[in-house]
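Colleague: please find the sequence and the predicted model below.
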Amino acid sequence: MSNLILIFKNWIPFAAVITLLCGIIYITVQQSYRMSANDPQYQMVDDAVYAMDNGVDPKTLIPACSIELAHSLSPYLIIYDDKENAVASNALLNGKFPKLPSGVLDYVRKNGEDIISWQPQPGIRQALVIKKTNGNNLYFVAAGRSLIKVEERESMLTKQVAVEWIASLFILFIVVWVSRVTLNVNINPDLKKDR
């Protein structure tokens, strides 16, 4: 029994390092997935704001095909006026132009832009980038897309890291056990006193 305790004492510091590394890997990859979910929206918003600041009519910037948020993964564009009414959009939510949560456009009005995860109704999560125009007429340009695929990747990442973490801890335990019992190698020099 004391041999098993010694094995656990040798195993725990290495297990802590493996746990920390798995956590770092998970957080880094998960954040990379989530941040890259905004890339198309940045391009769409920047292009639309630039065009509107140079006098282009907002309605001419909207693609012809409509996107129902509950069923599409396609990026979309919504343009709101100074009164926060949607004046142009190729996105629909239950057949209507989507309305952003209260306070989002107030924040953009003060800060110039915002990046949010938006859940307009259960089961629909969107990654949005919103910027205001700088021209004579104030508009808010929101570009978004579904987070379904990103969340699927995050779920797969969670499973992969969990399996790898458990497998690494198990393999490490076997290595420590073999080192201690079979090869009679003592990893921790302080434990020599126990012999």
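Modeller: That came in fine, so what should we check first? Numbers count the residues shown, from 1 in each chain.

Colleague: pLDDT weak spots in this protein?
Modeller: Along the chain, segments meeting pLDDT under 70 span 1, 183-195.

Colleague: mind redoing it with 80?
Modeller: Along the chain, segments meeting pLDDT under 80 span 1-4, 135, 180-195.

Colleague: C-terminal to the helix or strand hosting residue 3, what's the next element?
Modeller: Taking DSSP states H and E as the criterion, residue 3 maps to helix 2-36. Remark: after helix 2-36, the chain's next helix or strand is helix 39-53, criterion DSSP H and E.

Colleague: which elements pack onto the helix holding residue 3?
Modeller: Helix 2-36 is packed against helix 148-177, with contacts defined by 3 or more Cβ pairs under 8 Å, 6 or more residues apart in numbering; DSSP states H and E. Heads up, the C-betas are built off the backbone N, CA and C, glycines and all.

Colleague: packing partners of the helix it packs on?
Modeller: helix 2-36, strand 124-132.

Colleague: that helix vs helix 2-36, what angle?
Modeller: 160 degrees (axes from the mean of the first three to the mean of the last three Cα atoms, to 10 degrees).

Colleague: quick check: nearest residue in space to the most centrally placed residue in the chain, chain neighbours excluded?
Modeller: Taking Cα atoms, centre = their mean, the centroid of the chain lies closest to residue 34, which sits 2.2 Å from it. Using Cβ to Cβ, 6 or more residues apart in numbering and skipping residues adjacent in sequence, the residue nearest residue 34 is residue 150, 6.3 Å away.

Colleague: just to check, the one you found is in contact with residue 127?
Modeller: Yes - the criterion here is Cβ atoms under 8 Å, and residue 150 meets it with residue 127 at 7.3 Å.

Colleague: common neighbours of these two, please.
Modeller: Listed as contacting both residue 150 and residue 127 by Cβ atoms under 8 Å, 6 or more residues apart in numbering are 34, 37.

Colleague: more neighbours: these two, which one.
Modeller: Between residue 150 and residue 127, counted using other Cβ atoms under 10 Å, residue 127 has the larger neighbour count: 23 against 20.

Colleague: the more buried one pairs with what?
Modeller: Going by DSSP bridges, residue 127 is paired in beta bridges with residue 117, residue 145.

Colleague: pretty sure residue 164 sits against residue 22.
Modeller: Yes - contact status for residue 164 versus residue 22: in contact at 6.7 Å, counting by Cβ under 8 Å.

Colleague: of these two, who's got more company?
Modeller: Per other Cβ under 10 Å, whichever of residue 164 and residue 22 has more neighbours is residue 22, with 17 against 14.

Colleague: give the bridge partners for residue 96, please.
Modeller: Here residue 96 sits in beta bridges with residue 93, going by DSSP bridges.

Colleague: what's around it, how many residues?
Modeller: Neighbour count for residue 96, taken as other Cβ under 10 Å: 10.

Colleague: over to residue 44?
Modeller: 21.

Colleague: circling back to that earlier point, Throw the helices and strands packed on helix 148-177 into a markdown table and include distance to residue 140, thanks.
Modeller: Below are those laid out as a markdown table (distance: least, Cβ to Cβ, whole Å):
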| stretch | distance to residue 140 |
| --- | --- |
| helix 2-36 | 22 |
| strand 124-132 | 5 |
